[in-house]
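[1] Sequence first, predicted coordinates after that:
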Amino acid sequence: MTFEERLEQLKDELKKEDFLKARGLGNEIPFWIFDYPADKELLVRNKINKIITSLENESISILNIDLYDTCLEILQQIPEEKIIALEKRKGSDALLKKLKLMLKPDVLKNTIMNKVEEAESPDIIFLTGAGKAWPMIRSHSILNNLQPVFDNTPLVMFYPGEYSEFDLSLFGKLTAKNYYRAFRLINI
């Protein structure tokens, strides 16, 4: 199956009752990863917007959380002048280290959970922007930290890279720590 065929099947898969009700997962949490070639990012973004509109027209509510935008929201707590001054004084590597400290997994988890609560019981949660948010955050870390606090709401992470159901490889080049708890959405 080609990537384009997988992408076309996505909407139909998301509106299946078994998917929406998290059935047939053997008591696992309904975390899904839709992996795709990184060079198809713009195509996927466009398709996600179309899917959201289409499913919402069918009364399926979707909360789309862009991880990069979420990071920016958290980092807006720091005055821009301080960020610029830190980078000038200590360099880009030191700035990145400081940003990673501010974007600890617990902070991101709490911010994401607040968004979920504000959305008042969405039917599906999309996590997008994983590639844009790298290297500030790691996808496996986000998923690991969300697991203990999530209920039966299906969560789909759109991942620019490869997921083998054993590990994540961002952009098909960078291997992350193993992540076994998510299901691959629409196998090849």
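    Nice, thanks for sending it over. Numbers count the residues shown, from 1 in each chain.

[2] tell me which element the most centrally placed residue in the chain falls in.
    The centre of the chain sits closest to residue 127, judged by Cα atoms, centre = their mean, with a distance of 2.8 Å. Assigned by DSSP states H and E, residue 127 belongs to strand 124-128.

[3] hmm, which helix or strand of this structure has the shakiest average pLDDT?
    strand 174-178 (a mean of 60; mean pLDDT, DSSP states H and E).

[4] For whichever strand or helix holds residue 49, name the packing helices and strands.
    Residue 49 is part of helix 41-57 when elements are defined by DSSP H and E. Contact here means 3 or more Cβ pairs under 8 Å, 6 or more residues apart in numbering; DSSP states H and E; on that basis helix 41-57 packs against helix 3-14, strand 62-66, strand 124-128, strand 155-163. In short, each C-beta sits where N, CA and C put it, glycine included.

[5] Which one, of these, ends up nearest to residue 139?
    strand 155-163 (6.3 Å; Cβ to Cβ).

[6] about what we covered before: which parts of the strand holding residue 127 are buried?
    By 16 or more other Cβ atoms under 10 Å, the buried positions in strand 124-128 come out as 124-128.

[7] and those residues, which two are the farthest apart?
    So, the buried residues of strand 124-128 by Cβ to Cβ: farthest apart are 124 and 128, at 12.3 Å.

[8] How about the one helix or strand residue 68 maps to, which residues are buried there?
    According to DSSP H and E, residue 68 maps onto helix 67-75. For helix 67-75, a neighbour-count test (16+ other Cβ under 10 Å) marks 67-68, 70-71, 74 as buried.

[9] Against which helices or strands is that helix packed?
    Here helix 67-75 touches helix 92-102, helix 105-118, helix 130-133, going by 3+ Cβ pairs under 8 Å, 6+ apart.

[10] Could you point out which residue ranges in this protein have low pLDDT?
    Scanning the chain for pLDDT under 70 picks out the ranges 24-27, 166, 172-180, 188.

[11] To what extent is the nearest residue to residue 51 once chain neighbours are set aside buried, counted in neighbours?
    Of all residues not flanking residue 51 in the chain, residue 11 sits nearest, at 4.9 Å (Cβ to Cβ, 6 or more residues apart in numbering). Counted with other Cβ atoms under 10 Å, residues neighbouring residue 11 total 16.
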